[in-house]
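Novice: Sequence first, predicted coordinates after that:
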Amino acid sequence: MENKISEKIVYVGVNDYKKDLFEGQYIIPNGIAYNSYVIFDEKIAVFDTVDAEFTSEWLDNLEITLQGKSPDYLIISHMEPDHSANILEFTKKYPSAIIVSNAKTFKMIDNFFPNAISSDKKEVKEGEELVLGDSVLTFYFAPMVHWPEVMMTYEKTSKTLFSADAFGKFGALDAEEDWACEARRYYFGIVGKYGMQVQNVLKKLSGLEISTICPLHGPILKENLGYYLNLYNTWSSYGVESEGVCICYTSVYGNTKRAVELLAKTLEELGATKVAVNDLARCDMAEAVEDAFRYGKLVLATTTYNGEIFPFMKEFIGHLIERNYQNRFVGLIENGSWAPVANKIMKGYFEKSKNITFYENEISILSAVKEENKEKIVELAKEILSK
């Protein structure tokens, strides 16, 4: 990407192709970016640092960009180590710079770097302004999007929003890939639990005229911003983004898989817009979670296992519940050779979930798919498409 974002804003972040798992759990085949920015005005402000693996590269980027000048401020948006790991290194190199953030951030800085930061600190309040010259920063707190200290910053001259982790995505900046797919997987994996908090921030920012969004991960967004804002509104309100059916299953000897394949084929023959099928033992679990939130209809199919449900299905449902899964239709398919109880158990997991409607045609298979099961699968497919 071009380093210059606007007349006064320059990108100084890095791409990471070394890491295989983000936060130790999310597969990132196309890497990830750690974004950092500099605003040049009468005063110079740096926004955030990068992961500890890239200290030298980031400091070199900064030095080249500053061209001998010294930054006046380091703005801390978020204290997760992939963004804050180099605060100490920054203060060693630029000891006159003032660290700017909120009270919760400064407590976290002391936790990560006990008694090690000697730079001056400026604690800002919600809505407070910091004048750099023509550039004027206004700070907006975004608690639990997705940590409690998160702070966004709006620069009103260039109409730029520094959005912290919001509007970010997996993938290095030079990766050629669709924004929405990896942004969706990123959002529901990391932020999905905090829909209400995201809604609060969107309302807070709704009065701002925004021309550019600078997130801490992923590309700088300049065009068609309504598209990204609308997606975030849909995701955070647990709305349905796309018409379609998500089927997630586990199968021990292939019989539950056969039922799922028959259901998917029947749905497609009856005109389903999209059928996304996920084998929970083999797929990327985060992709399955993404599909479950993207579409308005979900079918869960699994075996009874040790008087419970198959472990991958139990884990998957746990991911959904943890992220406040709601406002969806859910179908159930169980299999068992002597005492199938998977449907009852799966339904029980959703007892405290909001606005979950179960389809009436629940399917119970005894070992292998039989003619009566096939008939019920067709009935389930018809019910799914009718609601």
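Specialist: Yep, that arrived.
Novice: going forward, measure contacts and count neighbours with C-alpha atoms only.
Specialist: OK.
Novice: Residue 185 touches residue 288, doesn't it?
Specialist: No - taking C-alpha atoms under 8 Å as the definition, residue 185 is not a contact partner of residue 288, at 9.0 Å.
Novice: what's next to stretch 277-286, contact-wise?
Specialist: 26-27, 185, 189, 246-250, 264, 288, 312-313, 316 (C-alpha atoms under 8 Å, 6 or more residues apart in numbering).
Novice: among the residues you listed, which are in helices?
Specialist: Using DSSP state H to define helices, the subset of those located there is 185, 264, 288, 312-313, 316.
Novice: and the gap between residue 188 and residue 182?
Specialist: 10 Å (C-alpha to C-alpha, to the nearest Å).
Novice: oh sorry, the question was meant for residue 19
Specialist: Relative to residue 182, residue 19 is positioned 16 Å away (C-alpha to C-alpha).
Novice: Tell me which of those two has more neighbours.
Specialist: Neighbour tally, residue 19 and residue 182, criterion other C-alpha atoms under 10 Å: the higher count belongs to residue 182, 19 against 15.
Novice: Is the more buried one in a helix, a strand, or coil?
Specialist: What DSSP: H, G, I helix; E, B strand; the rest coil gives for residue 182 is helix.
Novice: Correct me if wrong: it contacts residue 169.
Specialist: Yes - between residue 182 and residue 169 there is a contact at 5.5 Å, judged by C-alpha under 8 Å.
Novice: how many other residues sit next to the residue nearest to residue 184 when sequence neighbours are not counted?
Specialist: Excluding the flanking residues, the one nearest residue 184 by C-alpha to C-alpha, 6 or more residues apart in numbering is residue 290, at 6.4 Å. Residues lying near residue 290 (other C-alpha under 10 Å) number 23.
Novice: Now for residue 288: which residues touch it?
Specialist: 248, 278, 280.
Novice: per-residue pLDDT, it?
Specialist: With respect to pLDDT, residue 288 scores 97.
Novice: what separates it from residue 384, distance-wise?
Specialist: 19 Å.
Novice: again, but for residue 359
Specialist: 7 Å.
Novice: the more surrounded of the two?
Specialist: In this view residue 359 and residue 384 are compared by other C-alpha under 10 Å, and residue 384 has more residues nearby, 22 against 18.
Novice: where does the residue nearest in space to the middle of the chain fall, phi/psi-wise?
Specialist: Residue closest to the mean C-alpha point of the chain, counted by C-alpha atoms, centre = their mean, is residue 187 at 1.6 Å. Backbone geometry at residue 187, expressed as degrees, to the nearest 10, gives phi -60, psi -50.
Novice: can you tell me which residues contact it?
Specialist: 168-169.
Novice: mind redoing it with 6 Å?
Specialist: By C-alpha atoms under 6 Å, 6 or more residues apart in numbering, residue 187 lies in contact with nothing.
Novice: go on, residue 248?
Specialist: 277-278, 300.
Novice: got JSON lines for the residues you listed, with pLDDT too?
Specialist: Output for those, formatted as JSON lines (pLDDT from 0 to 100):
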{"residue": "277", "pLDDT": "98"}
{"residue": "278", "pLDDT": "98"}
{"residue": "300", "pLDDT": "98"}
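Novice: Can you tell me which of those is nearest residue 31?
Specialist: For the contacts of residue 248, the residue nearest residue 31 by C-alpha to C-alpha is residue 278; the value is 23.2 Å.
Novice: which parts of the helix or strand where the closest one lies are buried?
Specialist: Under the criterion of DSSP states H and E, residue 278 resides in strand 275-279. Under the neighbour-count criterion of 16 or more other C-alpha atoms under 10 Å, strand 275-279 has 275, 277-279 buried.
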